[in-house]
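In: below is the sequence, then the predicted model.
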Amino acid sequence: GAGVSQSPSNKVTEKGKDVELRCDPISGHTALYWYRQSLGQGLEFLIYFQGNSAPDKSGLPSDRFSAERTGGSVSTLTIQRTQQEDSAVYLCASSLGGMRELFFGEGSRLTVL
Amino acid sequence: RKEVEQDPGPFNVPEGATVAFNCTYSNSASQSFFWYRQDCRKEPKLLMSVYSSGNEDGRFTAQLNRASQYISLLIRDSKLSDSATYLCVVNFGGSYQLTFGKGTKLSVIP
């Protein structure tokens, strides 16, 4: 489809393991965002990519979290040594840049046991 | 601080009612404002942008009060399909980071 694609849709892992979440944005969208949403909570900003500019990493909660965007397209969010408090839905969104409309993927639901 | 505050609700209203939500934000230098809608266990989707002069889209009206640092959303003639969580979103300037409120839950009852 033409929308934002995220994988996996569900991930169950054990505490201490590393996980990788993938986001494939809408073709042509230069901006890409990662957010996470815990149960009953709002969206928490994690990181923002815009073209070739340095990413805005100000929302990453700890150095266990990192993200990259290769070739200005696909992005991977990596969480090392997962903790139970990392359990959440991780949402990726893309846009044409600036303050344009964000198009979200369906999210990756992470459960850390 | 970058904070966006919303009444979590839930707002339970009958079909056909008019309902209004408010949202307050912490930084007077904020530049861009939006309302997003999130259905249960779904991703958020843009409902409408909020312009300084206020704007209307069908049954939905958004207003911005910069002096008091709040945004409102008015829904007229509520439909069952309007049941969702409404998210207030603010760009505080300086970057393209968007800060989301925790949302106001609306249930429209037959």
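Out: That came through fine. Numbering: from 1, shown residues only, chains lettered A, B, ... in the order given.
In: tell me the contacts of residue 77?
Out: Since no chain was named, I'll use chain A. Listed by Cβ atoms under 8 Å, 6 or more residues apart in numbering or on different chains, the contact partners of A:Leu77 are A:20-23, A:34, A:46-47, A:65-67, A:90, A:92. Just so you know, the C-beta spots here come from the backbone N, C-alpha and C atoms, and that holds for glycine as well.
In: try again with chain B
Out: Applying Cβ under 8 Å, 6+ apart, we find B:Asp77 in contact with B:16, B:18, B:59.
In: if any of the contacts of A:Leu77 are buried, put those into a ChimeraX selection.
Out: Applying 16 or more other Cβ atoms under 10 Å in any protein chain shown to these leaves a buried subset, and the ChimeraX line that selects it is:
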select /A:21,23,34,46,47,65,67,90,92
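In: ok, B:Val19 - contacts?
Out: The contact partners of B:Val19, taken as Cβ under 8 Å, 6+ apart, are B:11, B:13, B:74-75, B:78, B:106.
In: nearest to B:Ala84, of those residues?
Out: B:Leu106 (6.2 Å; Cβ to Cβ).
In: burial measure for the nearest residue to B:Thr61 once chain neighbours are set aside, as a count.
Out: Excluding the flanking residues, the one nearest B:Thr61 by Cβ to Cβ, 6 or more residues apart in numbering or on different chains is B:Leu74, at 4.3 Å. Here the number of neighbours of B:Leu74 (other Cβ atoms under 10 Å in any protein chain shown) works out to 15.
In: how about the one 10 residues further on?
Out: By the other Cβ under 10 Å criterion, the neighbourhood of B:Ala84 contains 21 residues.
In: likewise the one 10 residues further on?
Out: Here the number of neighbours of B:Gly94 (other Cβ under 10 Å) works out to 11.
In: confirm that it sits in a strand.
Out: No - under the criterion used here (DSSP: H, G, I helix; E, B strand; the rest coil), B:Gly94 is coil, not part of a strand.
In: my read is that B:Asp7 contacts B:Phe21, right?
Out: Yes - the criterion here is Cβ atoms under 8 Å, and B:Asp7 meets it with B:Phe21 at 6.9 Å.
In: what about those two, which has more around it?
Out: Set B:Asp7 next to B:Phe21 and count neighbours by other Cβ under 10 Å: B:Phe21 wins out with 21 against 15.
In: and that one, what's its pLDDT?
Out: B:Phe21 is assigned a predicted lDDT (pLDDT) of 93.
In: which residues does it contact?
Out: Contacts for B:Phe21 (Cβ under 8 Å, 6+ apart) come out as B:6-7, B:11, B:72-73, B:86, B:88, B:104, B:106.
In: quick check: it vs B:Gly54, distance?
Out: For B:Phe21, the distance to B:Gly54 equals 15 Å [Cβ to Cβ, to the nearest Å].
In: same question for B:Thr24.
Out: 17 Å.
In: between the two, who's got more neighbours?
Out: Neighbour totals were compared for B:Thr24 and B:Gly54, and B:Thr24 leads with 17 against 13 (other Cβ under 10 Å).
In: the more buried one is in what secondary structure piece?
Out: Using DSSP states H and E, B:Thr24 falls within strand B:19-25.
In: dump that strand to CSV, restricted to CA.
Out: The C-alpha trace of strand B:19-25 is given here as CSV (Å, rounded to 0.1, in the frame of the first residue of the first chain):
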residue,chain,number,x,y,z
VAL,B,19,-19.5,19.4,22.5
ALA,B,20,-16.3,21.5,23.0
PHE,B,21,-12.8,20.5,24.1
ASN,B,22,-10.1,22.8,25.3
CYS,B,23,-6.4,22.4,25.3
THR,B,24,-3.7,24.6,27.0
TYR,B,25,-0.1,24.9,26.0
